[in-house]
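Asks: Need coordinates for the following:
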Amino acid sequence: MKISTEIGVWVGALAALGIYSVLIKDNPFYRLVEHIFVGASAGIAVVVGFNTFKSTAWSPMVEGNYLLIIPMLAGLLLYTRYFPSVSWLNRVPLSFLMGTSAGVAMRGAVESQIVGQIQATMVSLTTLDQRIVFIGTVCSLSYFYLTWKTGKVTGVSSKLGRYFMMAAFGAAFGNTVMGRVSAAIGRFQFILNRWLGL
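Replies: From the prediction side, this is the model:
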C-alpha cells in the first residue's frame, strides 16, 4: 500500500469523501466541499464568460467590426432591470432572446422529435428487432388515441402499448441507475487505487 503524494489526487479524494459523507448525515465537511464546488463553478463560469466576450465581441470590434456594438448594447440593456426608472428597457433584448430561442427550439424539436422519430419507424420489416419497434410504436400510439371507443382490437393494442411504454421507461430508469452506479464505482476505484494505492 503506497499512498499518493500528488496534491491533485489528495484534493480529488478528499472532495469525493466529503461529498459521500452526507450519506451518514449532514456535516461541516460536506458543506465545505459543497461550497468549494459551487464557488469554483461560479468562478470558472465568470472566467469563461469573460474570455468568450473578449474573443467574440471585444477583440473583433477593436479590429474594425463595429456592428458588434449592437448586440453588446442589447446585452447591457438586460441589466437595466436593476434600475426601476428604466427597467422597461430590458424587455427589448429579452423579447429578441425569447423569440429566437423559441424559433430555434421549435425547429430542433420538430426535426428530432417528430421527423426523426417517424423516419426511425419507417424501416423495412425484415428483422425481428424492426418488427418489434414498429409494433411497439403503433401500439403505444394507440394507447394515446382517444377519439374512438375502446373495442376488442383497440383495447388489446392499447394495453400492449402500455406494456411497451413500461418496458421503455424501465430500461431508461435502469440505464440512469447504471450510469450513477458506474460513476460511484469510478470514484471508489480512484480513492482505493490512485489515492491509497491498494
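
Asks: residues in contact with stretch 17-26?
Replies: Outside stretch 17-26, the residues that touch it by Cβ atoms under 8 Å, 6 or more residues apart in numbering are 27, 29-30, 32-34, 187, 191. In short, each C-beta sits where N, CA and C put it, glycine included.

Asks: so can I have JSON lines of those showing neighbour count, secondary structure and distance to A57?
Replies: As requested, the contacts of stretch 17-26 are exported to JSON lines (neighbours: other Cβ atoms under 10 Å; DSSP: H, G, I helix; E, B strand; the rest coil; distance: Cβ to Cβ, whole Å):
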{"residue": "N27", "neighbour count": "11", "secondary structure": "coil", "distance to A57": "44"}
{"residue": "F29", "neighbour count": "13", "secondary structure": "helix", "distance to A57": "42"}
{"residue": "Y30", "neighbour count": "18", "secondary structure": "helix", "distance to A57": "39"}
{"residue": "L32", "neighbour count": "13", "secondary structure": "helix", "distance to A57": "37"}
{"residue": "V33", "neighbour count": "19", "secondary structure": "helix", "distance to A57": "35"}
{"residue": "E34", "neighbour count": "15", "secondary structure": "helix", "distance to A57": "34"}
{"residue": "R187", "neighbour count": "16", "secondary structure": "helix", "distance to A57": "39"}
{"residue": "I191", "neighbour count": "18", "secondary structure": "helix", "distance to A57": "43"}
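
Asks: where are the low-confidence patches of this protein?
Replies: For the chain, the stretches with pLDDT under 70 are 1.

Asks: domains in it, as residue ranges please.
Replies: 1-64, 124-198 (automatic domain parsing).

Asks: Could you export these as JSON lines, including distance to L77?
Replies: Shown next, in JSON lines, are those (distance: least, Cβ to Cβ, whole Å):
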{"stretch": "domain 1-64", "distance to L77": "15"}
{"stretch": "domain 124-198", "distance to L77": "41"}
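
Asks: These: which one's closest to P71?
Replies: When the domains of the chain are compared by Cβ to Cβ, domain 1-64 sits nearest P71, at 7.3 Å.

Asks: can you pull out the helices in this structure?
Replies: Taking DSSP state H as the test, the helices found in the chain are 7-20, 28-53, 59-62, 69-77, 91-109, 116-121, 128-144, 152-189.

Asks: Can you tell me what sits against the shortest one?
Replies: Read that as helix 59-62. 68-69, 72.

Asks: who wins for most neighbours among those?
Replies: L68 (15 neighbours; other Cβ atoms under 10 Å).

Asks: how close does the spatially most central residue of the chain get to G170?
Replies: Here the mean C-alpha position of the chain is nearest to the C-alpha of T176 (Cα atoms, centre = their mean), at a distance of 12.9 Å. For T176, the distance to G170 (Cβ to Cβ, to the nearest Å) stands at 11 Å.

Asks: Repeat that for R131.
Replies: Distance from R131 to G170, by Cβ to Cβ: 21 Å.

Asks: again, but for A15
Replies: Look at A15 and G170: by Cβ to Cβ, they are 33 Å apart.
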